[in-house]
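[1] Need the 3D shape of this:
(2 chains)
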Amino acid sequence: MSIAWHGLLDSIEATETGLQSAGYIASRPISTAVYLAHHLRKPILVEGPAGVGKTELAKAVSGWLGLSLIRMQCYEGLDESKALYEWKYGKQLLYTQILKDRLGSVLGEEPGLDAAMRRLHGVSDLFFSEEFLEPRPLLRALREPGGAVLLIDEVDKADQEFEAFLLELLSDYQVSIPEIGTVQAEVAPLVLLTSNSMRDLGDALKRRCLHLHIGLPDARLEARIIASRVPAAAEDLRRQLVAFVQQLRTLDLKKLPSVSETIDWARVLVLLHAPQLDHGMVRDTLNVLLKFESDIEAVEPQIAELLLRAKREAVPVR
Amino acid sequence: MTEGPLLDFFRAARGAGLRISPAESIDATRAVQVVGFADRARLKDTLSLVLAKTAEEKQSFGEVFELFFRRGDYGEEGGPDGGAGEAPPADRPDPPQSGEGQGGGGEGGEGGGAGSGGDLARMLLANDQAALAAAVERAGQEAGLGNIALFTQVNLFTRRILDRMGLQALDRAIAAAPESERGQRLRRGRERLREQVRGFVEQALQLYARGETEAFRERRLRETRLAAIERRDHERMRQLVRAMARRLATQYGRNRKRDRRGVLDVRRTLRRNMGWEGIPFHVIWKQERIEKPKLVVLCDVSGSVAAVAQFLLLFLYSLNEALSGLHAFAFCGNLVEVSDILEGKPIEAAIPAVMERAGYGSSNYGMALADFEREHLRLLDSHTTVIILGDGRGNRTEPRADILATMAERAKQVVWLNPEYRTLWGTGDSDMPRYAPHCRVVAMCSTLQQLERVIGDLLRDGG
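    Next comes the predicted model:
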């Protein structure tokens, strides 16, 4: 069986341009990872600070390949019934109620208890069949006919037991459901897991994944990202704001601004019709970049100096 | 096809401290087959994705990759694996030795050199660096250079490689005409080659042997009696202890719940199933909360126990986030609270300060326990675990086991860690048999491994 999107992933360059067409500027390791994930049939474990585009990568991949994105947000206490499947108890109950009379007439004809029981055994399997199965994200991803992109978000927030439960899915793209059997993916989905390193993940999980670490981008890459995400920002402004954010990252702050903050800031500046950065504008919009009061207080007195340096550095970056 | 260099690289990477399982090396080989050897940057990205699993590992991976494939820069052309084009030509530096006054008369000597002195002499006279490097590489592989483990083997391997390259024939050629211009040049070439090969072997040593010895030492340190560890190993021990503590802390760093299968939580089951007329489709079990342990630690810091005490304290203080409270006391005779020292100073400075305040005397358990009863008994409640570290040798003083009994009653449990072998408990002035009945756990604890096991158990069951 040939799948249309498999053809799109035939080289690393094609992957990179493809991601770019979906609005995601990928560095070389990122596009290599996506390419390998498909060809080796392995999930990608994406780690990195918040806001560098881990979740965005999954969206871009699904957008580019035209696959549906199935997202599972992990949290403490997540279990099989929420991640994999659940029986539709209500429906089962309703059906038994409706079919009660019919059941009586079917069983009534049988002469003895034994025979009735045997008859019932034949029927009871009906109630634990696909009809009554409520698929949750993991199962949906496996059964998607044309393949899918499965995003298991913030896997470090889930319990360790859940991590162990994922192993079968990640290594063989199959899950075992006791009542039905093993469900195997017809077309292996592309799986991305993200982690903020809240805790160390187990070795078994890491071993099954390609490990991609996305750090904060350098000025050139960041400028390209802004150009793609906020095209309305004039080139002058773009270079200056990127240089400014790069300056901020060299400071000792509680939470460094990451790419998502830069994008937000660029959008804000565009909305405010700023032709270029100036002191008052930066001061008023600093809360878009910095999320802690203490960070803002630390940066405020340095704005003038940072701005000067940013403007000087903004020129050579072309 | 080209597994040879990859396998060598895996070994080198393991040497740098990356954990590469067989499954991962298979994955890496498959991945390289997909992307090919042609582009070095891409090869690096690929291997990094498959082999390095944390940010730190990515760092050391990058270093070992550069170190390993830099060798390829002058060694590949014409070598056994040269066909694969492993090193991209763009990164190849000019032959390093071309500026040493050798290039001028090289071609004139070549015709006569082929007959005597063998290939090696011909390569030296022609100053064919690429061929020489390839020959060194090949000879290194034949000599099993990947197995080098100790720096004392450098001379041995240098010798072996040179022999394989045909040093004897070269020596004969030089001996045959020691005074001629050709002989002189060969002699100079030989010396330089010796240096090159030596450098090559040393690089291999750096590449392959580092991890082996590190891993060996760490394994040994885990199993050595803490009292017998030498001072120069203390820094490494601290790192080991911290790593262990971090592992336990990530595992047990939050409050957990555990189902008690078999005990039905009727209230929550009813509520959960209200939608289905109270027919219990979902059964909910009672849960027990596993709380972070609250610890009170009493350390004997006299003589032999002191070494173990400092590692126990270091361990517990590194565990900070997995504990909900920690009070530390040290004693020889009198009991001294040391929590403030341990919290206020970096641990390297804190331990000597503790020793200063409490240590180096002969121990008197009875007095220490009496001090605790008088001043700190209120610390104990039904959530507290008391850990006592000591050999229980009170120098024939009154053991006051009755106070320990009181403490055991008030606290959740008492754990006694003893660095002595179990067979020695109760001999001489040891009061262990009198203390033991009041403790829930009495364990021998003289190595880091035992320490980790005891603390791990404690955290798992919530102290």
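[2] confidence score at the residue of chain B most remote from its centre?
    In chain B, residue B:277 marks the outermost C-alpha relative to the chain mean, sitting 58.5 Å out by C-alpha atoms, centre = their mean. At residue B:277, the model reports a pLDDT of 79.
[3] Residue B:392: how many residues sit nearby?
    For residue B:392, the neighbour count with other C-beta atoms under 10 Å in any protein chain shown is 24. Where you see a C-beta, it was placed from the backbone N, CA and C, and this is true even at glycine.
[4] Isn't it up against residue B:424?
    No - taking contacts as C-beta atoms under 8 Å, residue B:392 lies outside contact range of residue B:424: 10.1 Å.
[5] how much space is there between residue B:277 and residue A:94?
    11 Å (C-beta to C-beta, to the nearest Å).
[6] anything in contact with each of residue B:392 and residue B:424?
    Common neighbours of residue B:392 and residue B:424 are listed as residue B:430 (criterion: C-beta atoms under 8 Å, 6 or more residues apart in numbering or on different chains).
[7] coming back round to it: for the residue farthest from the centre of chain B, give me phi and psi.
    phi 60, psi 30 (degrees, to the nearest 10).
[8] any idea how far it is from residue A:160?
    For residue B:277, the distance to residue A:160 equals 37 Å [C-beta to C-beta].
[9] Show the backbone phi and psi for the nearest residue to residue B:28 once chain neighbours are set aside.
    Closest residue to residue B:28 in three dimensions, ignoring its sequence neighbours and counting by C-beta to C-beta, 6 or more residues apart in numbering or on different chains: residue B:50, at 4.6 Å. Backbone dihedrals for residue B:50, given as degrees, to the nearest 10, come out at phi -90, psi -40.
[10] Contact partners for residue B:50?
    For residue B:50, the contact set (C-beta under 8 Å, 6+ apart) comprises A:36, A:210-211, B:24, B:27-28, B:31.
[11] State the helix or strand in which the residue of chain A positioned farthest from its centre lies.
    Residue farthest from the centre of chain A, counting by C-alpha atoms, centre = their mean, is residue A:111 at 58.6 Å. For residue A:111, there is no helix or strand it lies in under DSSP states H and E.
[12] From residue B:351, how far out is the closest residue to residue A:38 other than its chain neighbours?
    Distance criterion C-beta to C-beta, 6+ apart; nearest residue to residue A:38, sequence neighbours excluded, is residue A:9 at 4.7 Å. Going from residue A:9 to residue B:351 by C-beta to C-beta gives 56 Å.
[13] do residue B:180 as well
    Look at residue B:180 and residue B:351: by C-beta to C-beta, they are 70 Å apart.
[14] Neighbour count: those two, which is higher?
    Each of residue B:180 and residue B:351 has its neighbours counted (other C-beta under 10 Å); residue B:351 has more, 25 against 13.
[15] Pick out the residue of the stretch 101-250 of chain B closest to chain A.
    Proximity of the stretch 101-250 of chain B to chain A (C-beta to the nearest C-beta) peaks at residue B:250, 4.4 Å away.
[16] burial of that residue, as a residue count?
    Residue B:250: 18 surrounding residues under other C-beta under 10 Å.
[17] So residue A:193: helix, strand or coil?
    Classification of residue A:193 using DSSP: H, G, I helix; E, B strand; the rest coil returns strand.
[18] just checking, it touches residue A:54?
    No - Residue A:193 is beyond contact range of residue A:54, at 9.3 Å (criterion: C-beta under 8 Å).
[19] Looking at the chain, which helix is longest?
    Just so you know, I chose chain A. Secondary structure of chain A per DSSP state H: the longest helix is helix A:235-249.
[20] Chain B, not that one
    Longest helix of chain B, by residue count under DSSP H: helix B:181-223.
[21] so, in contact with chain A or not, the particular helix or strand that has residue B:307 in it?
    For residue B:307, the host element (DSSP H and E) is helix B:305-318. No - contact of helix B:305-318 with chain A (C-beta under 8 Å from any C-beta of the partner chain) is absent, the minimum separation being 14.9 Å.
[22] CA-only coordinates of the following helix or strand past that helix in PDB, if you can.
    Next along the chain after helix B:305-318, taking DSSP H and E as the criterion, comes strand B:325-331. This file holds the C-alpha atoms of strand B:325-331, laid out as PDB (Å, rounded to 0.1, in the frame of the first residue of the first chain):
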ATOM      1  CA  GLY B 325      11.800  17.500  57.100                       C
ATOM      2  CA  LEU B 326      15.200  16.700  58.300                       C
ATOM      3  CA  HIS B 327      16.900  17.200  61.700                       C
ATOM      4  CA  ALA B 328      20.500  16.100  62.100                       C
ATOM      5  CA  PHE B 329      22.300  15.400  65.300                       C
ATOM      6  CA  ALA B 330      25.900  14.400  65.800                       C
ATOM      7  CA  PHE B 331      27.300  12.900  69.000                       C
END
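[23] Would you state the strands of chain B in chain order?
    Assignment of strands within chain B using DSSP state E yields the ranges B:256-264, B:285-290, B:294-300, B:325-331, B:335-337, B:384-389, B:413-418, B:441-444.
[24] so which of these gets nearest residue B:451?
    strand B:413-418 (7.8 Å; C-beta to C-beta).
[25] Can you spell out which helices and strands pack onto the closest one?
    Here strand B:413-418 touches strand B:384-389, helix B:401-410, helix B:432-435, strand B:441-444, helix B:448-460, going by 3 or more C-beta pairs under 8 Å, 6 or more residues apart in numbering or on different chains; DSSP states H and E.
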